[in-house]
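S.K.: sequence and predicted structure below; questions after.
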Amino acid sequence: MSLLSVKDVSYSYDGIVNVLLDVSFDVEEGAITGLVGPNGSGKSTLIKNIFDLVKLQSGTIHIGGHEHARPEAKQQAIYLSSNDYLPEFLTAREYITMMARLFDVTVDHGKALALFREFSMEGRYDDLVEDYSHGMRKKTQLVSALVVRPPLIVIDETLNGIDLEALHLAEKEFRRVREEGGSILLCTHDFSVLERLADRTVFLDLGHVVYDEPTGDLVAEHGSVAEMVFDYLETSQR
Ligand SMILES: Nc1ncnc2c1ncn2[C@@H]1O[C@H](COP(=O)(O)OP(=O)(O)OP(=O)(O)O)[C@@H](O)[C@H]1O
């Protein structure tokens, strides 16, 4: 079943240039979908449309079967942005409690503490976010999504700046989310992560979906996700 359904979405910031043009794709239940594309191809704009952070101009978006601007849809998906902005005046415990309340779930602090330990942040759960490093803030965003665990987690370059050990652990946790039936939309320029994790890869260029195929098929055809992108950039009339 499709957990996220994007159909014929177009978007323009200035009413003249289309940053997205008739974009359609689905994220299935229990699947990890990769979203890739050159800088400026429209990935963040697409994610902003999904989360109703900009007003949908045309097309439709459904999350968990609900029209994307409905409160029911907003309970189904969490957005991990590319920045590391967190409320500096809260501790991680307070931040995760706040996120759990927003999603109307009971927070499991034991799970959060275990993840803090695994992500090498033992003893920092009750410290103010203002004292955290960049990587710690990114890891706190990840932990909050893993504890709140709505059906869909959307990750927009959130893994930038975390160390290899944390990346390895994050990948393990994402596989666990998938095994438990959760879905992830993973937007990243790190193609090796996609090859290891993504069931499907959606490749966006100049606001168009160029490829939407099983990652294994793209790798079999081109050799790697990076080669797929290079092949396209070399041969397309952009
Ligand atoms: N608030 C805005 N106002 C006007 N134009 C914008 C705005 N945000 C993005 N754009 C433009 O929309 C296009 C797509 O940008 P977007 O940030 O969606 O791309 P992206 O694929 O996420 O890029 P990157 O990989 O660099 O993060 C770009 O040409 C960008 O300049």
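M.R.: That came through, no problem.
S.K.: now the residue nearest in space to the middle of the chain: how far from the ligand?
M.R.: Nearest to the geometric centre of the chain sits residue 155, at 1.9 Å (Cα atoms, centre = their mean). Between residue 155 and the ligand the computed distance is 13 Å (Cβ to the nearest ligand atom, to the nearest Å). (Each C-beta comes from the backbone N, C-alpha and C, glycine too.)
S.K.: for that residue, helix, strand, or coil?
M.R.: Per DSSP: H, G, I helix; E, B strand; the rest coil, the local secondary structure of residue 155 is strand.
S.K.: also residue 79?
M.R.: strand.
S.K.: pretty sure it contacts residue 48?
M.R.: No: contact criterion Cβ atoms under 8 Å: residue 79 and residue 48 do not qualify, at 9.0 Å.
S.K.: where exactly do the strands run in this structure?
M.R.: Per DSSP state E, the chain carries strands over the ranges 2-11, 20-28, 32-36, 58-63, 66-67, 77-80, 152-156, 183-187, 200-205, 208-214.
S.K.: alpha carbons only: can I get the lowest-mean-pLDDT helix or strand in the chain in CSV?
M.R.: Sorting the helices and strands of the chain by mean pLDDT, DSSP states H and E puts helix 225-235 at the bottom, at a mean of 91. Only the C-alpha atoms of helix 225-235 are listed here, as CSV (Å, rounded to 0.1, in the frame of the first residue of the first chain):
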residue,chain,number,x,y,z
VAL,A,225,23.6,5.3,-8.6
ALA,A,226,26.5,7.8,-9.2
GLU,A,227,27.0,6.4,-12.7
MET,A,228,23.3,6.6,-13.4
VAL,A,229,23.4,10.3,-12.6
PHE,A,230,26.6,10.9,-14.6
ASP,A,231,25.2,9.0,-17.6
TYR,A,232,22.1,11.1,-17.5
LEU,A,233,23.9,14.5,-17.1
GLU,A,234,26.2,13.6,-20.0
THR,A,235,23.5,12.5,-22.4
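S.K.: having no further points to raise, I will conclude here.
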